[in-house]
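Q: just a sequence and a predicted model for now, questions to come.
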Amino acid sequence: PVNLAAEWKLIDASGSKRNTLVFSDYLTNECLLPPGGLLRIHSASIATGRNGEHTPCGESEIDFYWTGYYIWDQEGDIGTLYGPNSASEVYSYTYPLTTDYWK
């Protein structure tokens with residue numbers, strides 16, 4: 001399991017501070033994502049005013065509502081997950097905006 005509250009970070013391709021999610025800024029207690037679990041990060045209107053609200057930690061799927069800003073706002077935007085203290089890249093995902101994604 002991954003404890004997201006232990007300085008894990010998600011950064012989009014721009015690398016800007018606004019587009020950097022530091023989970024420990026929102027999670028004060030342990031928040032485990034189990035092996036093989038799915039973490040969905042929501043931004044834009046669905047996340048407006050929710051500031052780190054999330055479904056229960058420890059579940060096989062966690063939805064995290066981050067910010068009202070459009071973070072994944074361009075075709076092929078890349079989200080990269082870094083381990084504690086940004087020591088290493090753990091996972092990278094290219095965000096598709098095409099309608100084919102929803103089929």
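A: The structure has been received and is ready for your questions.
Q: and the residue nearest in space to the middle of the chain, what does it touch?
A: By C-alpha atoms, centre = their mean, the chain has its centre lying nearest to residue 41, at 4.1 Å. Going by C-beta atoms under 8 Å, 6 or more residues apart in numbering, residue 41 touches 10, 21, 64, 66, 71, 79. Just so you know, the C-beta spots here come from the backbone N, C-alpha and C atoms, and that holds for glycine as well.
Q: and the helix or strand where it lies, average pLDDT?
A: For residue 41, the host element (DSSP states H and E) is strand 38-43. Regarding strand 38-43, the rounded mean pLDDT is 92.
Q: which helix or strand in the protein has the lowest average pLDDT?
A: strand 89-95 (a mean of 86; mean pLDDT, DSSP states H and E).
Q: buried sites along it?
A: residue 95 (16 or more other C-beta atoms under 10 Å).
Q: quick one: it to chain centroid distance?
A: 10 Å (C-alpha atoms, centre = their mean, to the nearest Å).
Q: from the rest of the structure, what touches it?
A: 72, 76-83.
Q: show me where the chain has strands.
A: 2-3, 9-12, 20-22, 32-33, 38-43, 53-54, 61-67, 77-82, 89-95 (DSSP state E).
Q: so which of the ones you listed is the most packed in?
A: Most buried of the strands of the chain by mean neighbour count (mean count of other C-beta atoms under 10 Å) is strand 9-12; its value is a mean of 20.
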